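Student: Here's a sequence, model it:
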Amino acid sequence: MRSAPAPTRSGPRTHRLKAAVIGTGGIARGSHLPALQQLAAEGELDVVAAVDIDDDAVRRFCADGGVPHPYTDLRRMLDEQQPDLVSICTPPTLHREQTVAALESGAWVWCEKPPTPSLEEFDAIEAAEGAQGGPYAAIVFQHRFGSGARHVRDLLAKGEVGRPLVAHCQTTWHRDTAYYSVPWRGRWATEGGGPAMGHGIHQMDLLLDILGPWSEVRAMAGRLVHDVETEDVSTALVRFESGALATVVNSVLSPDEVSRIRIDCERATLELTHLYGYGNADWTVTPARDVPDELAASWRDFGTDVPSSHLAQLRELVASLRAGERPRSSGPDGRTSLELISALYKSAFADVTVRAGEIGPGDPYYTALHGGAPGWAPTQEAGTHE
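Tutor: Model (predicted):
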């Protein structure tokens, strides 16, 4: 195994890039491959290979997507194809091993959320990145990259809407028993966590991207309906370094499904309501009563509509790759939401307030999100709980 990327594979890359897809399931077919194919049509890259442990599945994926080289061995693909960019679409338990292997080959990585099942594994990935110029590993947090989020960040940065004071972050979805019949779902070892980790992470990541660093969290979690190891609902109170206070709700028990972020600032309420992705029309700006109409109109002008999507993030990632610059949602920037989720679980299971930076080596929640907590840690028989 190579211990570091070859020198010729680090730094800016100006040639037409070579990309590969690892894992050929629904997220690869529905989101990653179409985004890669769009950039291929624009002359940015070629999708040269795909990898899956199922030979029939990877051959179908390649035949359907026009990908020339199917593989069942990741390291062989990395050696033979030497891709510049690897898109990882496998369950979270595989992310560390596959990401490190790709980084060590000199490839940049674009990995589906959730990033890894623990902070320890995430830190191991960061340690395998290049020191300067890459390669780097970015996490798929596509909601950061829509024009609506950019506009709201700009409004807050300019100070026109005043300080953010109160926020609400809601991912209330519905998943039935059939959803959890897939063997790796609802288990700590393979999915990493419940709706806080696998579903709500997108909205929480966007909230953090808009509001900045958090300072402490107090949470509760429950297993109310589903026979799973993880929770199926959680709630949290989060204090930000700015002083703003937020509520966070993550659920797979909610028939009326919605994803929502609301931020009450001194001079306006900024709100996003959608489900799996948003455009400018999904954002609303409600000014305070004393705000002049002309100023309020400028706040409501979101400009050209760039919906949140894998493609929007991939465009920015490729630009960073070509420049040899660390991309957004990688390294410390990509770690923020995983740290908050780890703290949420520790707070809920240990019945304590958890502060930012508290969970590190030696803390049981650093190595596993269940932290070994009675009633939550996996038992010897899968699917049973204390």
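
Student: so where do the helices sit in the stretch 51-200 of the chain?
Tutor: Applying DSSP state H, counting those that start in this stretch to the stretch 51-200 of the chain gives helices spanning 55-65, 74-81, 95-105, 119-128, 147-158, 188-191, 195-198.

Student: name the helices or strands packed onto the fourth one?
Tutor: In terms of contacts (3 or more CB pairs under 8 Å, 6 or more residues apart in numbering; DSSP states H and E), helix 119-128 is packed against helix 95-105, strand 137-139, helix 331-350, helix 364-367. Every residue, glycine included, has its C-beta placed from N, CA and C.

Student: Just name the most buried of these.
Tutor: strand 137-139 (a mean of 28; mean count of other CB atoms under 10 Å).

Student: Centre of the chain to that strand, how far?
Tutor: 9 Å (CA atoms, centre = their mean, to the nearest Å).

Student: Now do that strand: which elements does it pack against?
Tutor: helix 95-105, strand 108-111, helix 119-128, helix 331-350.

Student: Adding mean pLDDT and distance to A196, write the ones you listed out as TSV.
Tutor: Supplementary listing: those in TSV, determined by pLDDT from 0 to 100; distance: least, CB to CB, whole Å:
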stretch	mean pLDDT	distance to A196
helix 95-105	98	17
strand 108-111	98	19
helix 119-128	98	14
helix 331-350	97	5
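
Student: in the chain, which helix or strand is least confident?
Tutor: Scoring the helices and strands of the chain by mean pLDDT, DSSP states H and E places helix 188-191 at the bottom, with a mean of 88.

Student: and T336, what does it touch?
Tutor: Applying CB atoms under 8 Å, 6 or more residues apart in numbering, we find T336 in contact with 205, 208, 213.

Student: Nearest to H226 among the residues you listed?
Tutor: D205 (23.9 Å; CB to CB).

Student: For the longest strand anywhere in the chain, buried residues please.
Tutor: Identified as the longest strand of the chain according to DSSP state E is strand 253-265. Residues of strand 253-265 classed as buried by neighbour count (16 or more other CB atoms under 10 Å): 254, 259-265.

Student: and what of stretch 223-243?
Tutor: Within stretch 223-243, the residues that qualify as buried are 223, 226, 228-236, 238-240, counting by 16+ other CB under 10 Å.

Student: The longest strand of the chain - what's its average pLDDT?
Tutor: For strand 253-265, mean pLDDT rounds to 98.

Student: Next, format the buried residues of strand 253-265 as TSV and append distance to A124.
Tutor: As requested, the buried residues of strand 253-265 are exported to TSV (distance: CB to CB, whole Å):
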residue	distance to A124
S254	35
S259	31
R260	34
I261	31
R262	36
I263	34
D264	39
C265	39
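
Student: among the helices and strands packed on helix 119-128, which is nearest T172?
Tutor: helix 331-350 (15.9 Å).

Student: Show me what the helix or strand just after that closest one is in contact with.
Tutor: Once the chain leaves helix 331-350, the next helix or strand it forms, by DSSP states H and E, is strand 354-355. For strand 354-355, contacts defined as CB under 8 Å, 6+ apart pick out 215-218, 343-344, 346-347.
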